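Trainee: Here is the input, now give the coordinates:
(3 chains)
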Amino acid sequence: MESVNKNYEHIWQTVLAIPVGKVSSYGQIADLAGLPGRARLVGRCMGYAPKEMKVPWYRVLRANGQLAFKAGSSSSLKQTGLLQEEGVAVIKNRVNMNEYRWQPGLDEMLFQLKF
DNA sequence: GCCGTGACGACGG
DNA sequence: TCCGTCGCCACGG
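Mentor: Okay, here's the model as predicted:
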C-alpha cells in the first residue's frame, strides 16, 4: 500500500531534525524513525529526497563514522565540503563520531512523535 | 516472480 | 584495524 512512502516521510523528517554541526548514522536515523534494522532503507531514501525539502543528507554517515561514498569520489568530496562548512572535521573520509554524534534530547524525541 | 545490487550494520576472526 | 559473513529488504532488470 502506501506504507513505503510513509516510511520515506518519517526518515526525511528525522534527518531534518539533525542540528547543524552534528552528524548521525543510517542506523540511528532508522531507529528514530521507528524502523529498527532498516539502515539500508535510509540510505536509499536519501537519494530519493525531493530537492525542495532540503534534507541534510550529508549529516548521515556510517555507524563507524565513515562517509558512505568511496573516498575520492565526487559525492564524497561534496559531502566533505558541506560538513567542513559546518565545522565538522573530516579526516580520511571519516568523522569522529564520539565528538560529533547527534544525541537527541527528549524535546526532539517528542517532536518526532508527531508522525 | 526470481535475482543481483546496495548512501548499512553487528559480529566474529 | 581490516576483512568476510550474514541479516535486512526495496528496486530494477
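
Trainee: just the strands in chain A please.
Mentor: With DSSP state E, the ranges of strands along chain A come out as A:24-25, A:60-61.

Trainee: And the contacts of the first one?
Mentor: Going back to what we said before, that points to strand A:24-25. Contacts with strand A:24-25, where a contact means Cβ atoms under 8 Å, 6 or more residues apart in numbering, come from A:V15, A:I18, A:A39, A:R59, A:V60, A:L61, A:R62, A:A63, A:M97, A:R101, A:W102. From N, CA and C alone the C-beta is placed, and that goes for glycine too.

Trainee: quick one, which of the strands of chain A is packed in tightest?
Mentor: Most buried of the strands of chain A by mean neighbour count (mean count of other Cβ atoms under 10 Å) is strand A:60-61; its value is a mean of 26.

Trainee: can you tell me if that strand touches DNA strand B.
Mentor: Yes: Strand A:60-61 comes into contact with DNA strand B when judged by Cβ under 7 Å from any atom of the strand, the residues involved being A:V60.

Trainee: what does the average pLDDT come to for that strand?
Mentor: In this model, strand A:60-61 has an average pLDDT of 98.

Trainee: what helices or strands is that strand leaning on?
Mentor: strand A:24-25, helix A:26-32 (3 or more Cβ pairs under 8 Å, 6 or more residues apart in numbering; DSSP states H and E).
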